[in-house]
Structures are given as structure tokens and as C-alpha cells.
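Enquirer: What follows is a predicted protein model with its sequence.
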Amino acid sequence: MGIRFQNVSFTHAKRSSVRQSAVSRFSLDVPDGQIVAVMGPSGSGKSTLGQLAGGLLVPDGGTVWVDGVDTRKRGSRRILLQKVGYVAQFPEHQLFEATVAQDIGFGLRGSGMTEREVADRVKRAMESVGLPYERYRERSPFRLSGGEKRRVAIAGALVRNPSLLILDEPTVGLDPAVRLQLLDLLKRIRAENGITVVTITHDLQGALECADRLVFLENGELAADVRTAELSPACKIASSLPSTPLIRLLKEFEDVFPGQLPPGLVREQALLDFISKRLMRAKGRSV
Ligand SMILES: Nc1ncnc2c1ncn2[C@@H]1O[C@H](COP(=O)(O)OP(=O)(O)OP(=O)(O)O)[C@@H](O)[C@H]1O
């Protein structure tokens with residue numbers, strides 16, 4: 001059943017002088033099994049939206065349904081703990097057990113499973129994120145590289161077989177090879193488990209490589225909702241186009257906004273800011 005946001009608003013620190021509207025009048029339907037990249041400038045409300053999707057925050061206005069569960073309803077948090085895997089921006093803050101296997105299996109404690117069943121589930125989750133069980137199970141999660149820690153956190157989210165996985169900035173700080181492994185992992189998880197993935201990211205190229213859909217936020221509002229598959233047909237016609245997704249996207253935007261792309265627009269963040277600003281102005285225009 002995926003996720004449905006209906007006219008959702010959220011303000012942080014509501015009762016203080018620093019109250020800050022983070023998401024406003026946001027509506028979106030995400031069907032099962034889709035990979036959605038949530039993008040937009042810093043402070044545009046992406047992490048807040050991720051927390052609303054995971055039921056970690058409850059909307060002030062409007063409704064969020066996750067797999068048919070209204071996140072405002074009493075008892076929904078307990079149900080959502082089973083349905084949603086959430087990996088925060090700094091996954092090292094989510095690691096706390098002495099060994100990798102204990103950390104990943106933490107969410108299964110008290111579930112009535114035998115130790116053997118827990119070990120099997122942990123092993124499968126570790127192998128699905130590319131951490132060989134025997135090599136890593138006894139290691140301290142605190143003595144791993146950044147990419148390994150992130151994979152432990154993702155395995156800890158996957159071990160409960162969630163129907164929705166939310167990742168906040170999964171590729172930040174990773175070297176290019178590990179970043180590619182992680183993007184492949186997301187596609188594989190979706191293909192193997194049919195899981196819905198929401199990835200909050202500034203990594204436009206990564207998003208183009210793995211997401212079905214790019215959702216752009218600007219000041220907490222939906223600025224654009226772009227299907228990556230719809231970005232490619234025009235590229236296919238011009239077969240001589242360079243093949244990196246970022247360059248293809250640049251080319252596409254040259255067609256939509258002829259003569260308006262600043263020549264120095266080579267950095268991903270600059271491109272992202274440009275796209276979200278232009279799409280805000282060109283709301284309703286098809287890309
Ligand atoms: N706990 C909080 N208390 C008060 N304001 C907050 C809090 N958390 C976030 N905000 C504010 O809400 C707005 C949206 O923040 P959010 O973290 O969702 O943005 P973001 O797009 O994820 O940013 P970034 O890309 O920098 O991580 C920002 O203006 C931010 O300052």
C-alpha cells in the first residue's frame with residue numbers, strides 16, 4: 001500500500017519562539033516497491049518528511065498513511081516499528097551493541113524467536129548488505145569504516161523485513177566505490193524484497209542511477225515530482241549523448257530551458273539548486 005501524504009504540515013518547536021515550519025501542505029502517493037529520492041536545498045524539509053514517513057513525527061495537519069496505517073492513530077508507532085526501517089543521517093548514532101551481530105539482531109529481541117532463528121535472520125540481513133557473517137559478526141560496530149557502519153545500520157533495519165526503508169543521506173561521506181555498492185544494494189533490496197525505499201539525498205547522480213522518482217522540496221513544499229524513466233526517452237533519440245545520468249539530465253534541461261543553463265553549472269549541488277528554483281517557477285510545466 002506504500003505511503004500516502006495528504007495535505008501534510010509540520011512545524012518544529014511549536015511552542016517556542018524558534019518555531020519553524022518545515023513541511024507544508026505536502027501531498028504525495030508512493031506505491032509499493034518504488035524507490036523515491038527526496039531532494040532539495042538544505043533546510044527544505046527533507047529529513048522532516050522522512051521522519052513523518054516513518055511515523056517518528058506526527059503531522060500537525062493532514063494525514064500520513066504508511067502501508068494503510070494512519071501515523072496519528074493510537075498504537076500506530078508499535079505497528080510501524082515492524083513495518084518501517086529507518087536509517088538516520090549519522091548511522092553511527094544508531095549503533096550501540098558490543099558486536100555487529102548483536103547490534104543487527106537487537107530489533108528481534110523479545111519477538112519470541114529462538115536464538116537460532118535470530119542468528120539466521122541476522123546472517124541473511126548481513127549478507128544482503130555485503131557483510132560476510134563469519135568475518136563481521138564478532139567485530140565491534142564502533143571499529144568499522146563509515147561505509148561498513150552504514151551497512152550495519154541498514155542490515156539492522158532490514159532484519160525485521162520492513163515494507164518501507166527510509167534512508168537519510170545514505171551516500172554522504174562514502175568513497176566512490178562504496179557509494180556505488182550502496183546504490184546497487186538499494187536496487188537489489190527492492191528487486192528481491194519488493195520493498196519501498198525513500199532515500200533523502202543531495203546526491204543527484206546517485207538518485208538518477210537508482211531512483212524511480214525524484215521528489216524536490218522547496219521551503220517544505222512539493223516543488224517537483226519527476227519520474228526518472230520519463231527523463232530518458234529524449235536522450236535515447238540523441239544516441240550521441242554522453243551517457244552519465246548527470247550529463248543527460250543537463251542536456252534535458254537545456255531543451256526545457258533553452259539558453260538558460262549557466263555555463264559553470266557543473267557541480268551537482270549547483271545543478272540541484274538550479275533545477276529546484278526553476279521548477280518552482282515553472283510549476284505545472286512538464287519535464
Ligand atoms: N528540532 C528542530 N527544531 C527546530 N527547527 C528544526 C528542527 N529540525 C529541523 N528544523 C528546521 O526545519 C526546517 C527543515 O529541516 P530539515 O532538517 O527537515 O531540512 P533538510 O532539507 O533535511 O536539511 P539538510 O539537507 O540540511 O539536512 C529547517 O528550517 C530546520 O532549521
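Expert: Yes, it's here.

Enquirer: rest of the way, CA atoms for contacts and neighbours
Expert: Fine.

Enquirer: Around the ligand, pick out the residues from the stretch 1-150 of the chain.
Expert: Contact residues, the stretch 1-150 of the chain versus the ligand (Cα under 6 Å from any ligand atom): 12-13, 20, 22, 42-48.

Enquirer: can you give me the helices for the stretch 151-287 of the chain?
Expert: 176-193, 204-210, 228-231, 233-237, 245-256, 268-281 (DSSP state H, counting those that start in this stretch).

Enquirer: looking at those, which has the lowest confidence?
Expert: If these are sorted by mean pLDDT, helix 233-237 sits at the bottom with a mean of 36.

Enquirer: one step back: looking at the residues of the stretch 1-150 of the chain next to the ligand, which two lie furthest apart in space?
Expert: 13 and 42 (18.5 Å; Cα to Cα).

Enquirer: Residue 228 is in contact with residue 206, isn't it?
Expert: No: applying Cα atoms under 8 Å as the test, residue 228 and residue 206 come out as separate, 11.7 Å apart.

Enquirer: got any ranges where the chain has weak pLDDT?
Expert: 230-287 (pLDDT under 70).

Enquirer: helix, strand or coil for residue 22?
Expert: strand (DSSP: H, G, I helix; E, B strand; the rest coil).

Enquirer: How many neighbouring residues does it have?
Expert: 20 (other Cα atoms under 10 Å).

Enquirer: That one contacts residue 217, doesn't it?
Expert: No: with contact defined as Cα under 8 Å, residue 22 does not reach residue 217; the gap is 10.3 Å.

Enquirer: Need the overlap of contacts for those two.
Expert: 44-45 (Cα atoms under 8 Å, 6 or more residues apart in numbering).

Enquirer: mind listing the strands for this protein?
Expert: 3-12, 20-30, 35-39, 61-66, 69-70, 84-87, 164-168, 196-200, 213-218, 221-227 (DSSP state E).

Enquirer: Direction included, what does the shortest one pair against?
Expert: For strand 69-70, sheet partners with direction are given as strand 61-66 (antiparallel), following DSSP bridges.

Enquirer: With the longest one instead?
Expert: Strand 20-30 has the following sheet partners, assigned by DSSP bridges: strand 3-12 (antiparallel).

Enquirer: quick check: angle from the partner strand to strand 196-200?
Expert: Orientation check (axes from the mean of the first three to the mean of the last three Cα atoms, to 10 degrees): strand 3-12 against strand 196-200 gives 30 degrees.

Enquirer: Could you list the buried residues of strand 3-12?
Expert: By 16 or more other Cα atoms under 10 Å, the buried positions in strand 3-12 come out as 3-11.

Enquirer: which residue sits closest to residue 179, ignoring its sequence neighbours?
Expert: Nearest-residue entry for residue 179: residue 171, 5.6 Å, with adjacent residues in sequence omitted and distances by Cα to Cα, 6 or more residues apart in numbering.

Enquirer: From what I see, that neighbour and residue 184 are in contact.
Expert: No: here residue 171 does not reach residue 184: they are 11.7 Å apart, not a contact under Cα under 8 Å.

Enquirer: So the two - more neighbours on which side?
Expert: Neighbours were counted for residue 171 and for residue 184 using other Cα under 10 Å; residue 171 has more, 24 against 15.
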